[in-house]
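Trainee: Test case, fold it:
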Amino acid sequence: MEFTTAHYVFHYSKNSTAEKEIDEIAALQEGCYSFISSCLHTNVKGKIHYHFFDAPEEVGRQYAIAYDNNDDEPCNGFALSNLKSKDGVNHIFAVYNDKVKCVGFHEDAHIISYSLGRPSSQFVREGLAMFFDRYWWGIDNYSWTRWYVEQQKNPSVNALLENSIFSEYSDVLTYPIAGAFTGYLIERFGTERYVEFYRCSAEKGTQAFEQILGAPVSLLEHDFLAYIKMFQVRGEIRKLLMKDTEE
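Mentor: Next comes the predicted model:
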């Protein structure tokens, strides 16, 4: 079944949770699209095709098909931009059931930001998506990062910019740190300059830090960590962090 809006085509199965809640889903995603586009001053060509599935195993199979590999591990969602798709269309594949509703800013931020360019660093790409998400498992990016810094478990930003190193760590660690660092850059330099950096990063990689932001990664990270240490993690959030990182 399909449901079409100004910027999306939603695909879902009959009698699925997605079908029952498609009006709410469509309103949410159109709102996300509008906000992301206004922040980044860009739009995508054509509609984004959202494909909803009941289980992460089904989304994992779609990932394997899309990228022609055997990596069909279960996942909740992924974006396939027109730069990578076989049909030249932007796609998002996501789990949507009674318990898991993989909608909101994240995957849409990937698709929309790629109209500026696609940085090679996963840290940069996920950082922008997590900036719009703000939260991971209900805890904000800054609290996650402050916790990791306290526990001395945070790898250096310079290291995480390398995809081979980024993939060695759990998403629970890398994604919130990337989101917090991106938030810091946007708050410090402004959205327009960050967009210029993102576009440059797609062409020149880590050289974009010095070329656009005027400082090497090491100095930006030093200032970022000093900024993070100014925040206090509330007691109830600290208990959740302890629980989540122990599991």
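Trainee: Give me the contacts around stretch 104-121.
Mentor: In this structure, residues lying in contact with stretch 104-121 by CB atoms under 8 Å, 6 or more residues apart in numbering are 28-29, 32-33, 35-37, 40, 42-45, 48, 77-79, 81, 83, 90, 92, 94, 125, 128-133, 161-163, 166, 195, 198-199, 201-203, 205-206. Any C-beta I mention is one placed from the backbone N, CA and C, and that applies to glycine too.
Trainee: so of these, which ones are in helices?
Mentor: Among those, the members falling in helices (DSSP state H) are 28-29, 32-33, 35-37, 40, 125, 128-133, 163, 166, 195, 198-199, 201-203.
Trainee: Show me the residue at the heart of the protein, geometrically.
Mentor: Using CA atoms, centre = their mean, the residue of the chain that lies closest to the mean C-alpha position is Ala129, 2.8 Å off.
Trainee: Next, count neighbours for the residue lying closest to that one once chain neighbours are set aside.
Mentor: Counting by CB to CB, 6 or more residues apart in numbering, Ala129 lies nearest to Ala109, which is 4.3 Å off, once chain neighbours are set aside. As a burial measure, the neighbour count of Ala109 was computed by other CB atoms under 10 Å and equals 25.
Trainee: so Ala109, which of the three states?
Mentor: Under DSSP: H, G, I helix; E, B strand; the rest coil, Ala109 falls in the helix class.
Trainee: And it, how far from Tyr175?
Mentor: Remark: distance between Ala109 and Tyr175 (CB to CB, to the nearest Å) = 12 Å.
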